[in-house]
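*Asks:* here is a sequence with its predicted model. Questions after.
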Amino acid sequence: MIIRKLLFLSVILFSLLGTAVAEMRAWNLNNGKTVEAEFMTVIGEKVSLKTLKGKTVKVLASDFSAEDLAYIELSTPPKLELSISKSSKARTFPDTLSREIPTSDYYNFKAIIKQKSSKRYSFELTAELFVIGREKIGDKFTLLDYQKAPFLLENGSRSIFELPSRQIELLQFQQNGQLMGEEYAGYMIVVTDSRGEMIAHVTKRDGWLTIIDKLRVLPVRKYFDDEGERCFTTPPKHWF
């Protein structure tokens with residue numbers, strides 16, 4: 001448990017730091033000079049760099065080459081607001097054989113990504129939507145749906161991108177006095193840049209972010225445990 005918490009904290013810290021863990025690179029200025037430094041931040045019209053000796057220098061953005069300006073833009077993505085819309089409907093139908101009444105719940109989800117700032121950003125981003133359920137009688141989870149799509153922020157602070165899920169059906173029924181089937185557990189939305197670095201996320205369960213690479217390759221409607229490993233469902237009690 002302690003190791004899992006440390007892994008989760010490291011993922012969160014990395015996503016919050018973003019470009020704080022920058023690389024030392026050569027900056028080619030328009031005046032012909034080259035500066036070996038690490039990118040720090042942009043304040044107004046000036047870019048702060050940290051040299052190999054630890055000295056902070058500020059350079060006008062207009063003094064950088066087009067390649068350097070592209071690097072700066074990629075390294076400073078805009079702030080995003082991530083949310084989900086959910087609609088559902090239920091269907092009940094009689095089971096004349098067992099005299100028990102199964103129910104089906106139908107869900108439709110939509111990840112909504114809004115740009116909160118007016119900052120220009122011309123690079124392609126990728127949105128991922130994970131919809132996750134859980135079994136009624138055990139502690140296993142299931143990947144109800146996974147959607148992934150590229151998008152661009154073309155309208156500044158008015159930019160909105162929506163990523164819908166498939167319609168998801170969850171069946172619940174009684175078996176020997178036990179409520180069986182699946183129920184909705186939550187969602188996770190992740191946005192990555194063209195380098196594959198996470199720039200924004202929202203999740204209903206902290207541990208899902210630490211196993212995201214496993215969820216990305218897990219087949220839809222298959223079960224997984226807290227470690228992200230594929231597993232079987234929990235058998236009914238009378239099977240033991």
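*Replies:* Received the coordinates, thanks. Numbering: from 1, shown residues only.
*Asks:* CA atoms for contacts and neighbours, from now on please.
*Replies:* Noted.
*Asks:* per-residue pLDDT, Thr103?
*Replies:* Looking at Thr103, its pLDDT is 80.
*Asks:* can you show me the strands along this protein?
*Replies:* 24-28, 34-43, 46-51, 56-60, 80-92, 103-115, 125-135, 141-151, 160-164, 168-175, 178-192, 198-203, 223-224, 230-231 (DSSP state E).
*Asks:* show me how the protein divides into domains.
*Replies:* Per automatic domain parsing, the structural domains of the chain span 17-75, 80-239.
*Asks:* circling back: among the strands of the chain, which is nearest Asp68?
*Replies:* Of all these, strand 24-28 sits nearest to Asp68, with 6.5 Å by C-alpha to C-alpha.
*Asks:* and the closest one, what does it pack against?
*Replies:* Under the contact criterion of 3 or more C-alpha pairs under 8 Å, 6 or more residues apart in numbering; DSSP states H and E, strand 24-28 touches strand 34-43.
*Asks:* buried set for the strand it packs on?
*Replies:* Buried residues in strand 34-43, counted by 16 or more other C-alpha atoms under 10 Å: Val35, Ala37, Glu38, Phe39, Met40, Thr41, Val42.
*Asks:* need those residues in CSV (columns: pLDDT and distance to Val220).
*Replies:* Shown next, in CSV, are those (pLDDT from 0 to 100; distance: C-alpha to C-alpha, whole Å):
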residue, pLDDT, distance to Val220
Val35, 93, 49
Ala37, 96, 45
Glu38, 96, 42
Phe39, 96, 40
Met40, 95, 41
Thr41, 94, 40
Val42, 93, 42
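*Asks:* in a markdown table, list the residues you listed along with distance to Lys53.
*Replies:* Listed next are the buried residues of strand 34-43 as a markdown table, based on distance: C-alpha to C-alpha, whole Å:
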| residue | distance to Lys53 |
| --- | --- |
| Val35 | 12 |
| Ala37 | 9 |
| Glu38 | 11 |
| Phe39 | 14 |
| Met40 | 14 |
| Thr41 | 18 |
| Val42 | 20 |
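*Asks:* show me which of the residues you listed is closest to Tyr187.
*Replies:* Nearest to Tyr187, judged by C-alpha to C-alpha, of the buried residues of strand 34-43 is Thr41 at 32.4 Å.
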